[in-house]
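> My questions concern the predicted model and sequence given below.
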Amino acid sequence: MQPVTNALLSIVVPLYNEQDNVELLTQKIHESLQGYHYQIIYVDDFSTDDTKMVVQKMDDHLVTLIELKKNYGQSLALAAGLDYAQGEYIITMDGDLQNDPSDIPQMLEFAVGGTYDLITGIRQKRKDSLVKKIPSKIANFLVRRVTKLSIKDNGCALKIFTKEIAKGLNLYGEMHRFITLLAFLEGAQIKQVPVKHHARHAGKSKYGLERVFKVVADMMLLLFIRKYFQRPIHLFGIFGVLLIILGVLIEAYLLIVKFGFGQDIGTRPLLIFGMMFILGGIQLFTIGIVMELLIRTYYESQSKRPYRIKKITIGDGKAA
């Protein structure tokens, strides 16, 4: 099969304790991308097994190994790989061999045409346990309900991005779960493609049911950031002012009752509610101002990356 592009491809794979998978994964990538110009970027997220030693022993000049200084999690490991990637098209996938690299050429056909910025897989006949499938279905349902993004499988790690979209994702926290949503919010045109899915080749999954709560929390945070990240005062400030106005109106009414009609207001619960509204409104407004200052600090220091790299090696282990 003839390559559909001569452009450089960057395959970014975060690794955490994948010593029994990474060599076979590398072999499958080579078999699937014969004739293509590509680089494989493995990001070792401070594995506690021999993952990085297995990568170095392969002595493969197409493989770059990025070693992080500590365990940052999948999102920041992915971010480190995306920052380093040099290809026109950037491909992400998991290191447990559940994604099949042989799907990459057919996905590339949609990416190279220029119509789409992100090609994402829909896993067919998933080989995961219910512990992974249930949170995944809940997450997909929530994303579809809360956003306008109609994506069937947000959790599929096999994706192809244009360089511009991938470099602008700015991943942090646990946002790798919503990488498709992040791209969508940045204006990416997205194509969904059915892909193969296999049972994990070796090692243990790192997911559990607690993932449901993390998914909900991350999605709420993402939506907040998308709408109010640059101007949080528009959210907290408006609610704060409304509460202050409500509290002032209540207190004004009570003053009229006391001095206009001579009635006692000291024992009325409404007096307490009015004070609570005023104080709560001041607190919200203050939070908005503090967040504005934090955002300004963020923008001034955004040249700093949220991860630290210990070493980068290419193929034979020479420092890059």
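Received, thanks.

> looking at this, Leu78 is in a strand?
No: looking at Leu78 with DSSP: H, G, I helix; E, B strand; the rest coil, it is helix, so not inside a strand.

> and it, what is it in contact with?
Leu78 sits next to 12, 14, 43, 92, 171, 176, 179 when contact means C-beta atoms under 8 Å, 6 or more residues apart in numbering. (C-beta placed from N, C-alpha, C; glycine too.)

> what residue ranges in the stretch 151-300 of the chain score low on pLDDT?
Across the stretch 151-300 of the chain, the ranges flagged by pLDDT under 70 are 172-174, 201, 203-235, 288, 292-293, 295-300.

> can you give me the helices in it?
With DSSP state H, counting those that start in this stretch as the criterion, the stretch 151-300 of the chain has helices at 163-167, 179-185, 211-228, 233-255, 261, 269-300.

> Go through the first one and flag the buried ones.
Meaning helix 163-167. 163, 165-166 (16 or more other C-beta atoms under 10 Å).

> and what of the fourth one?
Counting neighbours by 16+ other C-beta under 10 Å, one finds that the buried residues in helix 233-255 are 233, 235-237, 239-240, 243-244, 246-247, 250-251, 254.

> mind checking the SS state of Gln56?
Assigned with three-state DSSP, Gln56 falls in the helix class.

> For the residue of the chain positioned farthest from its centre, what are phi and psi?
The centre of the chain is farthest from one residue, Gly262, which by C-alpha atoms, centre = their mean lies 61.0 Å away. Reported as degrees, to the nearest 10, the phi and psi values for Gly262 are phi 70, psi 20.

> Against Ile244, how distant is Thr286?
Distance of Thr286 to Ile244, given as C-beta to C-beta, to the nearest Å: 11 Å.

> I meant to write Ser129 there.
On the measure of C-beta to C-beta, Ser129 and Ile244 end up 52 Å apart.

> got it, and Met175?
35 Å.

> repeat for Leu130
Distance, Leu130 to Ile244, by C-beta to C-beta: 49 Å.

> Among the buried residues of helix 233-255, which one sits closest to Ser102?
Leu235 (46.5 Å; C-beta to C-beta).

> Restricting to C-alpha, output whatever helix or strand Thr26 lives in in PDB.
Here Thr26 sits within helix 22-32, counting by DSSP states H and E. C-alpha atoms of helix 22-32 as PDB (Å, rounded to 0.1, in the frame of the first residue of the first chain):
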ATOM      1  CA  VAL A  22       6.700  -1.700  24.400                       C
ATOM      2  CA  GLU A  23       9.000  -3.800  22.200                       C
ATOM      3  CA  LEU A  24       6.100  -5.600  20.400                       C
ATOM      4  CA  LEU A  25       4.300  -2.200  20.100                       C
ATOM      5  CA  THR A  26       7.400  -0.800  18.300                       C
ATOM      6  CA  GLN A  27       7.500  -3.800  16.000                       C
ATOM      7  CA  LYS A  28       3.900  -3.300  15.000                       C
ATOM      8  CA  ILE A  29       4.300   0.400  14.400                       C
ATOM      9  CA  HIS A  30       7.200  -0.300  12.000                       C
ATOM     10  CA  GLU A  31       5.200  -3.000  10.200                       C
ATOM     11  CA  SER A  32       2.200  -0.700   9.800                       C
END
